[in-house]
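1. got a predicted structure plus its sequence, pasted below:
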Amino acid sequence: QVQLQESGPGLVKPSQTLSLTCTVSGGSITTSTYYWSWIRQPPGKGLEWIGNIAYSGTTYYDPSLKSRTSISRDTSKNQFTLQLSSVTPEDTAVYYCARMWIAHGSYDYWGQGTQVTVSS
């Protein structure tokens, strides 16, 4: 059974960098069948895709966030990390990591989500 778990600070000050880690168990992040994704849901809004990292380490980002986003991985720990710089209160959201089955274009496993609030 694949499990994903987000971790990181729940409160970030404006202009700082948000950093979250997703730890994956039950499956390798280097498996070619999947992308590993970050998704968020601001209060009162729908889900927003942030970006993916592929088994090869190639990254893909939402164009509106690309200039502030970096997704990396540590294959020795089976973890991938989100960094979002220059945050504002508009970046307040529940942040999820998820696995995308590339062939189906759908997410099959999700983390439970972690609330991140941007406030001074």
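-> Structure received.
2. how far off centre is the helix or strand harbouring residue 73?
-> Assigned by DSSP states H and E, residue 73 belongs to strand 69-74. Centroid displacement of strand 69-74 relative to its chain, using CA atoms, centre = their mean, to the nearest Å, is 9 Å.
3. could you give me the average pLDDT of that strand?
-> Across strand 69-74, the average pLDDT comes to 97.
4. with stretch 10-22 instead?
-> Mean predicted lDDT for stretch 10-22 stands at 98.
5. straight-line length of it, end to end?
-> End-to-end distance of stretch 10-22 (CA to CA, to the nearest Å): 14 Å.
6. how about the strand holding residue 73 as CSV, C-alpha atoms only?
-> What follows is strand 69-74 as a C-alpha-only set of coordinates in CSV (Å, rounded to 0.1, in the frame of the first residue of the first chain):
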residue,chain,number,x,y,z
THR,A,69,8.4,27.2,-7.4
SER,A,70,11.0,24.5,-7.1
ILE,A,71,10.4,20.8,-6.7
SER,A,72,13.3,18.5,-5.9
ARG,A,73,13.8,15.0,-4.6
ASP,A,74,16.0,12.8,-2.4
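7. now for that strand, which elements pack on it?
-> strand 48-54, strand 59-61, strand 79-84 (3 or more CB pairs under 8 Å, 6 or more residues apart in numbering; DSSP states H and E). The way it works is simple: take the backbone N, C-alpha and C, and place the C-beta from them, glycine included.
8. try it again at 6 Å.
-> If you count contacts as 3 or more CB pairs under 6 Å, 6 or more residues apart in numbering; DSSP states H and E, strand 69-74 packs onto strand 48-54, strand 79-84.
9. partner strands of it, with direction?
-> Its sheet considered, strand 69-74 pairs with strand 79-84 (antiparallel) by DSSP bridges.
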